[in-house]
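S.K.: sequence-free structure coming up:
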């Protein structure tokens, strides 16, 4: 898709929610020794993550974040025109849509349009662009809920993925504003890389059966079922090094903005080494690119809102003109340049 431009929408509020269970990366995997785990921690920057307890879904994290956001902002629930739920871990396998259950759970009007979106780590940029498009078309308020329980499909005995993924949720309010600044988006896809990050079984292409739900041992000693995520780390790394910085630069060119005028770069949190490489390639100070991966790991679609709210939680300045950039499975990537000065960032909450 070509570049997109919106002139009526702004993010006006954001809350993120994380589970209370802290996972120590040095000791969590039964496959890796503490020495091996320490090497991974050093390479990725992921010291710990948060996992939900059994039975807690992404929608639960999102619902709690949304309750806080609606109450803190004093929003009339009947005024929500659109509810979008973005997740790779919905309550059910497609039917019904989790967004419909969330509409009722949050007490929103039956006049609210509600639907689910599914995409990987670029998903937040895509869903945000969708929310902005609805406002551009006349909606006054869009509630965007983003949640993942990546622990549900991660094998702790997989050498490639065991120490990467974490869980989290967020609620974001997008509203129409006469004073909104112009926002710029770029959304891209390369489906030739579909196999780079994948859950091989459990969908309709390869349904669950007695064989693929059993743990199998692979050449490197990893053990996982067909319902666990697999990742070709080198392929993903090459993709991000080729596309991410170029995409950011193309959005800035589209917006006719100099990189020095960007206040903060909120990137998907894949690993710390990648983030440092991006900062180096962009020739920006590392301080302009906040990092939260050491606390939460790779939370896929939630990693950008978690990083934005964590930035404030840790005493960072209020973000103004910002780059938001996501990239991952698909392969898929996207970048937004937008003004966040009208966004109220509320305290992060721990799920109860």
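M.R.: Structure received. This is a predicted model, so every value here is computed, not measured.
S.K.: Taking the centroid of the chain, which residue is nearest it?
M.R.: Closest to where the C-alpha atoms of the chain average out (C-alpha atoms, centre = their mean) is residue 301, at 1.7 Å.
S.K.: Helix, strand, or coil at it?
M.R.: helix (DSSP: H, G, I helix; E, B strand; the rest coil).
S.K.: residue contacts, it?
M.R.: 86-88, 119-121, 123-124, 127, 146-148, 326 (C-beta atoms under 8 Å, 6 or more residues apart in numbering). Yep, even glycine has a C-beta here, placed from its N, CA and C like the rest.
S.K.: distance of it from residue 315?
M.R.: 26 Å (C-beta to C-beta, to the nearest Å).
S.K.: Identify each buried residue in the lowest-mean-pLDDT helix or strand in the chain, please.
M.R.: The helix or strand of the chain with the poorest confidence is helix 34-44; it has a mean of 93 (mean pLDDT, DSSP states H and E). Buried positions in helix 34-44, judged by neighbour count with 16 or more other C-beta atoms under 10 Å: 37, 40-41, 44.
S.K.: Mind putting the residues you listed into CSV with distance to residue 249?
M.R.: CSV is the format used below for the buried residues of helix 34-44 (distance: C-beta to C-beta, whole Å):
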residue, distance to residue 249
37, 36
40, 31
41, 31
44, 26
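S.K.: From those, pick the one nearest residue 218.
M.R.: When the buried residues of helix 34-44 are ranked by distance to residue 218 (C-beta to C-beta), residue 40 comes first, at 17.4 Å.
S.K.: Tell me how many other residues surround the residue lying closest to the closest one once chain neighbours are set aside.
M.R.: Leaving out its chain neighbours, the residue that sits closest to residue 40 by C-beta to C-beta, 6 or more residues apart in numbering is residue 163, at 4.9 Å. Under the neighbour criterion other C-beta atoms under 10 Å, residue 163 is assigned a count of 27.
S.K.: so residue 163 makes contact with residue 38?
M.R.: No - using C-beta atoms under 8 Å, residue 163 makes no contact with residue 38, being 10.4 Å away.
S.K.: So what touches the least confident helix or strand of the chain?
M.R.: So helix 34-44 is contacted by 25-29, 32, 46-47, 163-164, 271-273, 293 (C-beta under 8 Å, 6+ apart).
S.K.: What about these, which are in strands?
M.R.: For these, not one is inside strands, with DSSP state E as the criterion.
S.K.: which pair in these spans the largest distance?
M.R.: Longest span within the contacts of helix 34-44, C-beta to C-beta: 27 and 273, 22.2 Å.
S.K.: Helices along the stretch 151-300 of the chain, start to end?
M.R.: Using DSSP state H, counting those that start in this stretch, the helices of the stretch 151-300 of the chain run over residues 233-255, 272-282, 293-296.
S.K.: Ok, which of these comes nearest residue 80?
M.R.: Using C-beta to C-beta, the nearest of the helices of the stretch 151-300 of the chain to residue 80 is helix 293-296, at 27.3 Å.
S.K.: Mind giving me the packing neighbours of that closest one?
M.R.: strand 48-51, helix 272-282, helix 303-313 (3 or more C-beta pairs under 8 Å, 6 or more residues apart in numbering; DSSP states H and E).
S.K.: Contacts made by it with the rest, please.
M.R.: 18, 44-50, 166, 168, 269-272, 275, 303, 306, 310.
S.K.: Tell me the gap between it and the middle of its chain.
M.R.: 13 Å (C-alpha atoms, centre = their mean, to the nearest Å).
S.K.: as a whole number, average confidence for that helix?
M.R.: The average of the pLDDT scores along helix 293-296 is 96.
S.K.: How many residues are close by residue 131?
M.R.: Neighbour tally, residue 131, other C-beta under 10 Å: 25.
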